[in-house]
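In: okay, sequence plus prediction incoming.
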Amino acid sequence: MTENLFAELRRWVLEEILILFPELPAEVCAKIEVTPTRDAAHGDMATNAALVAAKPAGKNPRDIAAALSQALTPRTGIAKAEPAGPGFVNITLDAEFLLRQIPVMLTAGEAYGQGADKAEKINVEYVSANPTGPLHVGHCRGAVVGDALANLIAKAGYHVTKEYYINDAGAQVLALGRVVYFRYLQALGLPAKAEAYAGSVAGGMQYGGAYLEPVGEAFAAEYGGKFIDAPEADWLATARQFGVAKMLELIREDLAALRVYFDIFSSEDALVQAGGVARGLAILENAGLIYQGVLEPPKGKTPEDWEPREQTLFRATAFGDDVDRPVQKSDGSNTYFANDIAYHADKMARGFTQMIDVWGADHGGYVKRMQAAVKALAGNTSANLDVVLCQIVRVMKDGAPVRMSKRAGTFVELRDLIDEVGPDAVRFIMLMRKSDAQMEFDLNAAVAQTRDNPVFYVQYAHARARSVLRAAGEVSGLADADVSSLQAPEELALIRKLIAWPRIVETAAQAREPHRVAFFLYELAGDFHALWNAGRDDAALRFLQAERPVETKARVALVSATAIVIRSGLAVLGVQPVEEMR
């Protein structure tokens, strides 16, 4: 018996539709889906096969739906197939067929829902915050979405690499080096020199948070008075590297508190120093996609300081972008875009043809140009870049926004949020909205022990299931249990939800939407709690009944399967299951 019933039913539908229309093109068959019905009264599954086949077959979709329904009905496991609407077919599975999925789940364990191994390598890059300070709530959402997405894609069977791109080249890290020097002078007990230096650096002191005080102290401990009166050229590179290293330590600690770990940390500075930008631009130049030109002024109003200047441009419009994009400025220096082209060319050179970048929504205007660059770099290969955007998060408490950080003073730090509600609540709640939708993170709801707190609701379902299994004691042979007694509507509803898990994994991975897993777990918890509550009202539905050992074993098997699927889903989200609620 297959794990993914939706995939199995789709195979049946394809077999029957191709008997009816043997010449149906493969690209048409690829559009045929089997999905859950929106209303249980309409059956368990529905297929669009008749609608998809109608035009190429030259037939009325309702007539095809009627013929397909008739062909599917004799299949073992299908209780009923009937045409619906403009050309859908609704399929109702018989109870015995549903019940046979319980031993499948129990045998697979937490591997239930795991997709078949795929050779394809996928690189998921996320967080990638400038190494200039601690992570804040905005970084947190990208970290959670990226990490859960990487887990989800791995669950679907792909080979996934989690990557953090260190933006350690450019003006922002030079500014960090200058602040490290400022804190260094303070640490040496030279406040007057520190203030005089700060006053002499125009625009270079924006990273002045208290979190950099210990960095200055460490720099002073390392180098003593060596750089007190030295010119900037003697110490800036050292201070920059020292500051970046310390900030990365801080960032790694913040991420570890959130249970986010990476396979690779890639350095922008190392890539630039190794000639990566030149290599990346050479690929485009050899393809005739780099030229010297003058861009039109920005749309809307022309800035007063705008003047036409010849620049080195990439033909981004040839690959779907709105305008061609500069890769070098008029002074010959590289743009940030040139560095990003080099980085994605480097990923492709490492064997990643499928790449996913998780960015903040403020980078939405950058998507087209980066996807255009990847298409250009790919040439005749199938390389592709997907970009997942994460909208801002507002942290709320007692109905008001929470703004202040303990150390930075201007934003809510990730570590503060974790300390307040714990990593499980942070991760789960961050995934209860689609990533490109703005969200409010309510600290009160995140610690409440109610249905309004989704992580509590799901963990409570798992804890309840585990309490039943502990009370049942050692029950052997659950995968071979006679489960035919599981006929109550609440039991069948729970089983129908459980069998959807492999499809959720597959479709959520394809859509790059890990929030679907959080929604699924919340609904699954609701079905389990409903069955639990039904047992309070009807003794016949209670899980453990000493006088009915066969029925008890069947229900223990169902409870065990439920716990397995909850744990499998929580593992994707990076949330720990709870054995008991205190």
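Out: Yep, it's here.

In: let's verify the residue most central in space within the chain: helix, strand, or coil?
Out: Ranked by distance to the mean C-alpha position of the chain (C-alpha atoms, centre = their mean), the top residue is residue 149 at 2.7 Å. Here residue 149 is recorded as helix under DSSP: H, G, I helix; E, B strand; the rest coil.

In: got the contact list for it?
Out: Remark: with contacts taken as C-beta atoms under 8 Å, 6 or more residues apart in numbering, residue 149 is in contact with 124, 126, 356, 358, 388, 512, 514. Bear in mind the C-beta positions are built from the backbone N, C-alpha and C, glycine included.

In: against residue 322, how distant is the fifth one?
Out: Distance of residue 388 to residue 322, computed by C-beta to C-beta, to the nearest Å: 21 Å.

In: can you pull the pLDDT of residue 317?
Out: The model reports residue 317 with a pLDDT of 96.

In: neighbour count winner among residue 388 and residue 322?
Out: Under the neighbour definition other C-beta atoms under 10 Å, residue 388 and residue 322 were set side by side, and residue 388 has more, 19 against 12.

In: list the contacts of the closest residue in space to the more buried one that isn't next to it in sequence.
Out: The shortest distance from residue 388 to any residue other than its chain neighbours is 4.8 Å, reached at residue 358 (C-beta to C-beta, 6 or more residues apart in numbering). With contacts defined as C-beta under 8 Å, 6+ apart, the neighbours of residue 358 are 124-127, 142, 145-146, 149, 387-388, 390, 435.

In: look at residue 358 and give its secondary structure.
Out: Taken by three-state DSSP, the conformation at residue 358 corresponds to strand.

In: so where is the stretch 101-250 of the chain shaky, pLDDT-wise?
Out: 202-208 (pLDDT under 70).

In: and what of the chain?
Out: Within the chain, the ranges that satisfy pLDDT under 70 run 1-2, 202-208, 300-306, 404-411.

In: wait, a helix at residue 459?
Out: Yes. In this structure, residue 459 lies within a helix as judged by three-state DSSP.

In: and the residue lying closest to it once chain neighbours are set aside, what does it touch?
Out: Of all residues not flanking residue 459 in the chain, residue 578 sits nearest, at 4.1 Å (C-beta to C-beta, 6+ apart). Contacts here follow C-beta under 8 Å, 6+ apart; on that basis residue 578 touches 459-460, 462-463.

In: now with 10 Å, please.
Out: By C-beta atoms under 10 Å, 6 or more residues apart in numbering, the contact list for residue 578 reads 424, 455-456, 458-463, 466, 566, 570.

In: got it, and residue 255?
Out: Shown in contact with residue 255 (C-beta under 10 Å, 6+ apart): 127, 129, 135, 139-140, 143, 147, 164, 261-262, 414.

In: now intersect these with the helices, please.
Out: Counted as lying in helices by DSSP state H, out of these, are 139-140, 143, 147, 414.

In: now, which of the residues you listed sits nearest residue 352?
Out: residue 147 (17.8 Å; C-beta to C-beta).

In: these two touch, right, the closest one and residue 571?
Out: No. Applying C-beta atoms under 10 Å, one finds residue 147 not in contact with residue 571, separated by 11.7 Å.

In: can you pick out the residue with more neighbours from these two?
Out: Summary of the neighbour comparison: residue 147 and residue 571, criterion other C-beta under 10 Å, with residue 147 having more neighbours (26 against 15).

In: what about that one, distance to residue 402?
Out: Distance, residue 147 to residue 402, by C-beta to C-beta: 23 Å.

In: one more: residue 135?
Out: With C-beta to C-beta as the criterion, residue 135 and residue 402 are 16 Å apart.

In: who has more neighbours, those two?
Out: The neighbour comparison of residue 135 against residue 402 (other C-beta under 10 Å) goes to residue 135, with 24 against 17.

In: contacting residues for that one?
Out: When contacts are counted by C-beta under 10 Å, 6+ apart, residue 135 is found next to 127, 129, 142-143, 250-251, 253-255, 257-258, 260, 411, 413-415, 417.

In: which of the residues you listed count as buried?
Out: 127, 129, 142-143, 250-251, 254-255, 257-258, 260, 411, 413-415, 417 (16 or more other C-beta atoms under 10 Å).

In: which members of the residues you listed are the farthest-apart pair?
Out: Looking at the buried ones among the contacts of residue 135 by C-beta to C-beta, the two members farthest from one another are 260 and 411, with 18.7 Å of separation.

In: please enumerate the strands of the stretch 351-500 of the chain.
Out: Counting by DSSP state E, counting those that start in this stretch, the stretch 351-500 of the chain forms strands over residues 354-360, 384-390, 393-397, 400-401, 439-442, given from the N-terminal end onward.

In: turn the ones you listed into a markdown table, columns for distance to residue 86.
Out: Formatted as a markdown table, these follow (distance: least, C-beta to C-beta, whole Å):
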| stretch | distance to residue 86 |
| --- | --- |
| strand 354-360 | 36 |
| strand 384-390 | 32 |
| strand 393-397 | 41 |
| strand 400-401 | 48 |
| strand 439-442 | 36 |
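
In: deepest-packed of these, please.
Out: When those are scored by mean count of other C-beta atoms under 10 Å, the highest mean neighbour count falls to strand 354-360 (a mean of 22).

In: show me what that one pairs with in its sheet, parallel or antiparallel.
Out: Looking at strand 354-360 with DSSP bridges, its paired strands and their directions are strand 121-125 (parallel), strand 384-390 (parallel).

In: chain center to that strand, what's the gap?
Out: Shown here is strand 354-360, whose average C-alpha point lies 9 Å from the average C-alpha point of the whole chain (C-alpha atoms, centre = their mean, to the nearest Å).

In: check stretch 393-400 too.
Out: What separates the centre of stretch 393-400 from the centre of its chain is 24 Å, taken as C-alpha atoms, centre = their mean.

In: then that stretch to PDB, C-alphas only?
Out: As requested, the backbone C-alpha atoms of stretch 393-400 are provided in PDB (Å, rounded to 0.1, in the frame of the first residue of the first chain):
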ATOM      1  CA  VAL A 393       6.700  41.400  12.100                       C
ATOM      2  CA  ARG A 394       5.400  43.700  14.800                       C
ATOM      3  CA  VAL A 395       5.800  42.300  18.300                       C
ATOM      4  CA  MET A 396       2.800  43.200  20.500                       C
ATOM      5  CA  LYS A 397       2.200  42.900  24.300                       C
ATOM      6  CA  ASP A 398      -1.000  43.900  26.100                       C
ATOM      7  CA  GLY A 399      -2.300  45.400  22.800                       C
ATOM      8  CA  ALA A 400       0.700  47.700  22.300                       C
END
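
In: now render the contacts of residue 578 as CSV, adding neighbour count and distance to residue 177.
Out: Conversion of those to CSV gives the following (neighbours: other C-beta atoms under 10 Å; distance: C-beta to C-beta, whole Å):
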residue, neighbour count, distance to residue 177
424, 22, 38
455, 25, 41
456, 23, 45
458, 28, 45
459, 25, 45
460, 21, 49
461, 24, 51
462, 26, 48
463, 18, 50
466, 19, 52
566, 27, 48
570, 24, 42
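
In: from these, which is closest to residue 20?
Out: Each of those was scored against residue 20 by C-beta to C-beta, and residue 566 proved nearest at 40.7 Å.

In: isn't that closest one up against residue 455?
Out: No. Proximity of residue 566 to residue 455 does not meet the contact threshold set by C-beta under 10 Å, at 11.8 Å.

In: between the two, which contacts overlap?
Out: Shared contacts of residue 566 and residue 455, counting by C-beta under 10 Å, 6+ apart, come down to 521, 575, 578.

In: what is the nearest of the ones in helices among the contacts of residue 255 to residue 381?
Out: The closest of the ones in helices among the contacts of residue 255 to residue 381 turns out to be residue 147 (C-beta to C-beta; 27.8 Å).

In: for residue 459, what are its contacts?
Out: 424-425, 428, 453, 521, 525, 566, 570, 575-581.

In: how far away is residue 307 from residue 326?
Out: Distance, residue 307 to residue 326, using C-beta to C-beta: 14 Å.
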